[in-house]
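S.K.: this is the structure alone, sequence omitted:
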C-alpha cells in the first residue's frame, strides 16, 4: 500500500514539509518497511526503529487512536452489519463522509495535546477533553 498507493499519491500533491508517523505494529516495523520509509521520509519519520522514536501506544498523542478509530467504529457498526460486503460498504461510507472541518478540529485538539505535553515536560495528561 505504501509503495503502490501512498507514495505515488504524495507525489500528486505539493507538500513542503511532511512528517510520517507509523505505529509499532510488527508489519510496520519490518526492516524492509522501515528502509522504504527512511528512503522516502529521511529524518521526518516517526516510528519504532526510525530516526524519531515514538511510543507504539501513545494514545494521548495519536489522532488515529484518540479519535478516528473510535469515531469510525461507532458509525460502521451502528446498523450491525451482517456480511463482509455490508461492513466494507459502511467503512467506505463513513470514511467518505469525514469532512475537512472535522479533521481540522482533530488537528487543533492534537496541537493542544502537544502543547500540554511540552509545557508539562512529558508528564501524562490528567484528563482528556475532546473539542469537537
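M.R.: Okay, I see it. Keep in mind the model is a prediction, meaning the values are calculated, not measured.

S.K.: can you tell me the closest non-neighbouring residue to residue 7?
M.R.: Using C-beta to C-beta, 6 or more residues apart in numbering and skipping residues adjacent in sequence, the residue nearest residue 7 is residue 40, 6.0 Å away. C-beta here means a position set from N, CA and C on the backbone, and glycine is covered the same way.

S.K.: that neighbour: neighbour count?
M.R.: Residues near residue 40, counting by other C-beta atoms under 10 Å, number 16.

S.K.: now swap in residue 90 and tell me
M.R.: Neighbour count for residue 90, taken as other C-beta under 10 Å: 18.

S.K.: do the same with residue 86
M.R.: Residue 86: 13 surrounding residues under other C-beta under 10 Å.

S.K.: where does it sit, in terms of helix or strand?
M.R.: Residue 86 is located in helix 84-96, with elements delineated by DSSP states H and E.

S.K.: buried ones in that helix?
M.R.: Burial within helix 84-96, assessed by neighbour count using 16 or more other C-beta atoms under 10 Å, is assigned to 90, 94.

S.K.: how far off centre is it?
M.R.: Its chain's C-alpha centre and that of helix 84-96 lie 19 Å apart, by C-alpha atoms, centre = their mean, to the nearest Å.
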